[in-house]
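[1] Predicted model, plus sequence, below.
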Amino acid sequence: MPTTEDGTRTTFLGEVKSAVTPHASLLVLGVLGLMIAFIASYAGAFHRPKPVDVPFAVVAPPPAAGQLVRKLDRLPGSPLDPRTAASERAARHQIEDRTIDGALIVDPRGSTDRLLVASGGGASLSQAVEMVVRAAEKAERRTVRTVDVAPADRDDARSLSSFYLVVGWCVGGYLCAAILAISAGARPSNGHRAVIRLAALAVYAIAAGLAGTIVVGPVLGALPGTFVGLWGLGALVVFAVGATTLACQALLGIVGIGLAILLIVILGNPSAGGAYPYPLLPPFWRAIGPALPPGAGTWTARSLAYFRGEAVTCPLLVLSAWAVAGTALTLILSVFRKPGQRPVHPAQDQGAPP
């Protein structure tokens, strides 16, 4: 029969309970749940990408334009959300400000039309639009020539560098916040400690934004765009994710780390529009993506890199909202914590003085 360290005998079940506490068992079950959710989220978002209601413009003489829009709108599966544009210049402008993702310029005097796309917004999306339009044109016995008006950089052929950059910033944000919180207890013990942690997170966010921008810019040349703009974006993404993680930990203790991973990794990354931009994602992921930090960050990074910073107001407001809400919730939960509540410090569990 097994014995304990003091020589007393114990049962095998007692040994199991000693080795794996109920608290640890609950955490392991939580990790299992996160793993299942991770697999389900990524497989659910990526297993069958197809274009649905892609914003699309048609430039053609008035009688033909309306007929073509109606035909494209009735394509099986509704891959396009077509509308007319007054001119090629207007269509180009709408692509460049990210209002639409493609445009068909009809040649009334010939049988070859031009398709305008922007691979900088996602190569998988521009290729999907091209396939749909080519099939539609073939059915009308016409051909199409593709023109990329906002091409991805040759060292960023799939336009994924922006996504991986933002994912790296997000990982840095929640890991830094988790370390800051766990190092002195899973819950902030008072308002002063919360302020210090948030200040440390802000300094780290500035450094992390700079480091990521240097790596993808001067070091690798993987992503064009304004250096200062990407640096500022990186700092905001890291702080927003970190502040959210601190808030989750202030609310739930160490379990808050799991909640942060659920929000940022399991829900945020698949819906970010990275590998597959929003029109290629299922409805649920398309709906939540723009409201979460990875999606807002990826959209902004691509706009800074390939669209001269167009259409970034909403995603920057989303990131700012996460940063402000995370900061406010962290401070409120810390300041107004009940006096009887004490943070759990690993050293205290071992008999060390508080």
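    Cool, got the structure.

[2] Can you show me the helices along the stretch 251-354 of the chain?
    Assigned by DSSP state H, counting those that start in this stretch, the stretch 251-354 of the chain shows helices spanning 255-261, 283-288, 293-306, 313-335, 346-349.

[3] Then the stretch 51-200 of the chain?
    Taking DSSP H, counting those that start in this stretch as the test, the helices found in the stretch 51-200 of the chain are 62-73, 88-96, 123-139, 161-182, 191-214.

[4] Can I get the helices of the stretch 251-354 of the chain in TSV including mean neighbour count?
    Every C-beta, even on glycine, is put in place using the N, C-alpha and C of the backbone. Formatted as TSV, the helices of the stretch 251-354 of the chain follow (neighbours: other C-beta atoms under 10 Å):
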stretch	mean neighbour count
helix 255-261	20
helix 283-288	15
helix 293-306	28
helix 313-335	18
helix 346-349	11
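
[5] Would you single out the least confident of the ones you listed?
    Of all these, the minimum mean pLDDT falls on helix 346-349 (a mean of 40).

[6] ok so, going back, just so I know, which of the helices of the stretch 251-354 of the chain lies nearest Pro61?
    Among those, the nearest to Pro61 by C-beta to C-beta is helix 293-306 (31.3 Å).

[7] The closest one packs against which elements?
    Applying 3 or more C-beta pairs under 8 Å, 6 or more residues apart in numbering; DSSP states H and E, one finds that helix 293-306 makes contact with helix 161-182, helix 227-252, helix 313-335.

[8] could you redo the helices of the stretch 51-200 of the chain as JSON lines and give each row mean pLDDT and distance to Tyr276?
    Shown next, in JSON lines, are those (pLDDT from 0 to 100; distance: least, C-beta to C-beta, whole Å):
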{"stretch": "helix 62-73", "mean pLDDT": "94", "distance to Tyr276": "21"}
{"stretch": "helix 88-96", "mean pLDDT": "97", "distance to Tyr276": "19"}
{"stretch": "helix 123-139", "mean pLDDT": "96", "distance to Tyr276": "5"}
{"stretch": "helix 161-182", "mean pLDDT": "94", "distance to Tyr276": "10"}
{"stretch": "helix 191-214", "mean pLDDT": "94", "distance to Tyr276": "23"}
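
[9] deepest of these, which one?
    Ranked by mean neighbour count under mean count of other C-beta atoms under 10 Å, those are led by helix 161-182, which reaches a mean of 23.

[10] May I have that helix exported as PDB, CA atoms only?
    The C-alpha coordinates for helix 161-182 follow below in PDB (Å, rounded to 0.1, in the frame of the first residue of the first chain):
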ATOM      1  CA  SER A 161       2.000  39.200 -43.500                       C
ATOM      2  CA  SER A 162      -0.400  41.700 -42.000                       C
ATOM      3  CA  PHE A 163      -2.400  38.900 -40.400                       C
ATOM      4  CA  TYR A 164       0.600  37.100 -38.900                       C
ATOM      5  CA  LEU A 165       1.900  40.400 -37.600                       C
ATOM      6  CA  VAL A 166      -1.300  41.200 -35.800                       C
ATOM      7  CA  VAL A 167      -1.600  37.600 -34.500                       C
ATOM      8  CA  GLY A 168       2.000  38.000 -33.000                       C
ATOM      9  CA  TRP A 169       1.000  41.300 -31.400                       C
ATOM     10  CA  CYS A 170      -2.100  39.700 -29.900                       C
ATOM     11  CA  VAL A 171      -0.100  36.800 -28.500                       C
ATOM     12  CA  GLY A 172       2.400  39.200 -27.000                       C
ATOM     13  CA  GLY A 173      -0.400  41.200 -25.400                       C
ATOM     14  CA  TYR A 174      -2.200  38.500 -23.600                       C
ATOM     15  CA  LEU A 175       1.000  36.600 -22.500                       C
ATOM     16  CA  CYS A 176       2.500  39.800 -21.100                       C
ATOM     17  CA  ALA A 177      -0.700  40.600 -19.200                       C
ATOM     18  CA  ALA A 178      -0.900  37.000 -17.900                       C
ATOM     19  CA  ILE A 179       2.600  37.200 -16.600                       C
ATOM     20  CA  LEU A 180       2.100  40.600 -14.900                       C
ATOM     21  CA  ALA A 181      -1.000  39.300 -13.100                       C
ATOM     22  CA  ILE A 182       0.100  35.800 -12.100                       C
END
